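Engineer: turn this into a structure:
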Amino acid sequence: MLDKDNDIKDNLLVVDNARTTIGIENEMRNYMETEEGEKIKADIDLLLEMGYDKTMINKVYILLQPEHIDTAISYMTEENGIYQHNFFENHNPKKDQNKCFICGKTKRYHLDYIPEEYNIEGDNNNLNNNLDIPNKGDSFRFSDDNYDLKNENEKKDSISNECTVCYEEIDEEEKKFNDIPCGHVCCTQCWLNYLKTLITEAKVDKIKCVEHKCKEIIQEEFILKHIKDDKKLVDKYQRFKKRCSIINDKNKKQCPKPDCESFLEKSVFSNYVKCENGHKYCFECLKPPHGNKKCEEILEKDFMKWKKNKRVKRCPRCKIFTEKNEGCNHMTCVSCKYQWCG
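Structural biologist: The predicted model follows:
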């Protein structure tokens with residue numbers, strides 16, 4: 001949870017009347033061509049691999065400018081019913097003005113919004129009657145209907161021995177085996193299916209309870225207990241977890257060598273570093289050592305070499321390179337969807 005002051009918006013870019021989704025995409029595209037953009041390319045690729053929406057990623061990096069991938073993830077993830085970014089007004093007249101430009105949620109789901117009817121300096125009785133005030137450090141959230149905070153004890157009391165996914169009855173022994181702090185009940189097979197799907201899709205960072213809308217984070221010990229009989233799945237889970245830890249560390253990068261699961265660690269002595277398996281690369285551009293040549297020169301040279309024998313043209317609208325790999329001369333830009341005859 002962010003602990004910034006209420007004037008956090010003063011430190012962020014403000015959405016003006018010209019700010020649109022297409023405009024954000026163009027800004028992101030231009031940004032990715034800069035030296036700073038190259039540094040976050042691996043982060044963007046991992047976020048896409050983890051299943052985050054490309055449009056939302058663009059908006060977060062252009063408007064909120066996160067310094068690390070874990071910060072970007074917190075901005076895009078609803079935690080305890082609240083998004084960890086402030087509400088951005090949507091100036092597009094065709095869109096709902098009451099929904100955030102970044103996540104599409106209403107104000108009550110945002111860090112900087114507390115309804116006036118619950119103003120602490122105003123009617124304290126109304127506040128206390130409608131909210132369960134948590135202890136210091138506890139997380140809380142508003143409900144969808146009337147902003148009431150969910151009471152965890154009441155939630156646990158209402159839970160039965162019925163699997164929340166398949167609705168089959170669960171005996172006490174299996175219920176105990178699958179017990180998690182939030183108290184939601186799910187059978188062993190449904191847990192395994194759920195975990196297998198997420199791991200296969202590389203969504204291993206902060207896996208949450210199988211119950212829809214529950215924000216309980218599942219501990220690694222619980223996950224390994226359920227997948228231990230599938231050695232390939234365990235290996236895949238641990239590899240993806242390792243990648244997440246590497247990408248969250250600004251001083252480490254995944255080794256670009258195919259099939260290498262090691263990492264490169266930044267050095268104060270040289271940009272050229274080796275991974276644990278002996279593969280040597282430039283830490284900045286992830287290319288083999290290139291002497292006194294700048295990273296930009298190497299990246300440009302590689303790109304020109306790649307596109308030499310391919311049908312690559314710039315989009316007339318957004319100028320991004322687009323490759324025609326099959327079909328007639330009719331082309332559609334993969335970024336802005338502009339169509340032209342190539």
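
Engineer: which stretches of the stretch 1-150 of the chain form strands?
Structural biologist: 78-79, 82-83 (DSSP state E, counting those that start in this stretch).

Engineer: ok now the first one, how far from the chain's centre?
Structural biologist: Relative to its chain's centre, strand 78-79 lies at 11 Å (Cα atoms, centre = their mean, to the nearest Å).

Engineer: average model confidence for that strand?
Structural biologist: What strand 78-79 shows for mean pLDDT is 73.

Engineer: surely residue 283 meets residue 263?
Structural biologist: No: using Cβ atoms under 8 Å, residue 283 is not in contact with residue 263; the gap is 10.5 Å. C-beta here means a position set from N, CA and C on the backbone, and glycine is covered the same way.

Engineer: residues in contact with residue 69?
Structural biologist: Counting by Cβ atoms under 8 Å, 6 or more residues apart in numbering, residue 69 touches 40, 43, 46-47, 247-248.

Engineer: using JSON lines, lay out those residues together with pLDDT.
Structural biologist: Shown next, in JSON lines, are the contacts of residue 69 (pLDDT from 0 to 100):
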{"residue": "40", "pLDDT": "85"}
{"residue": "43", "pLDDT": "85"}
{"residue": "46", "pLDDT": "84"}
{"residue": "47", "pLDDT": "84"}
{"residue": "247", "pLDDT": "76"}
{"residue": "248", "pLDDT": "78"}
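
Engineer: in helices only, show me these.
Structural biologist: Among these, the subset assigned to helices under DSSP state H consists of 43, 46-47, 247.

Engineer: what does stretch 326-339 rub up against?
Structural biologist: Under Cβ under 8 Å, 6+ apart, the answer for stretch 326-339 is 22, 25-26, 29, 313, 315-318, 320, 322, 324, 340-342.

Engineer: which of these are buried? Put it as a PyMOL command.
Structural biologist: Applying 16 or more other Cβ atoms under 10 Å to those leaves a buried subset, and the PyMOL line that selects it is:
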select buried, resi 25+26+29+315+318+320+322+342
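
Engineer: and the least confident of the contacts of stretch 326-339?
Structural biologist: residue 342 (64).

Engineer: sorry, back to before: and the ones in helices among the contacts of residue 69, which are buried?
Structural biologist: For the ones in helices among the contacts of residue 69, buried by 16+ other Cβ under 10 Å: 43, 46-47, 247.

Engineer: now, which of the residues you listed sits nearest residue 77?
Structural biologist: residue 47 (11.1 Å; Cβ to Cβ).

Engineer: in space, what's closest to that closest one - neighbours in sequence excluded?
Structural biologist: Distances taken as Cβ to Cβ, 6 or more residues apart in numbering put residue 57 closest to residue 47, at 5.4 Å, once the chain neighbours are dropped.

Engineer: hang on, that neighbour packs against residue 46?
Structural biologist: No: between residue 57 and residue 46 there is no contact under Cβ under 8 Å: 10.5 Å.

Engineer: show the pLDDT at the most centrally placed residue in the chain.
Structural biologist: The centroid of the chain falls nearest to residue 73 when counting by Cα atoms, centre = their mean (3.8 Å). On pLDDT, residue 73 comes in at 85.

Engineer: do you know how far it is from residue 200?
Structural biologist: 20 Å (Cβ to Cβ, to the nearest Å).

Engineer: same deal with residue 296?
Structural biologist: 37 Å.

Engineer: ok, residue 336 next?
Structural biologist: 31 Å.
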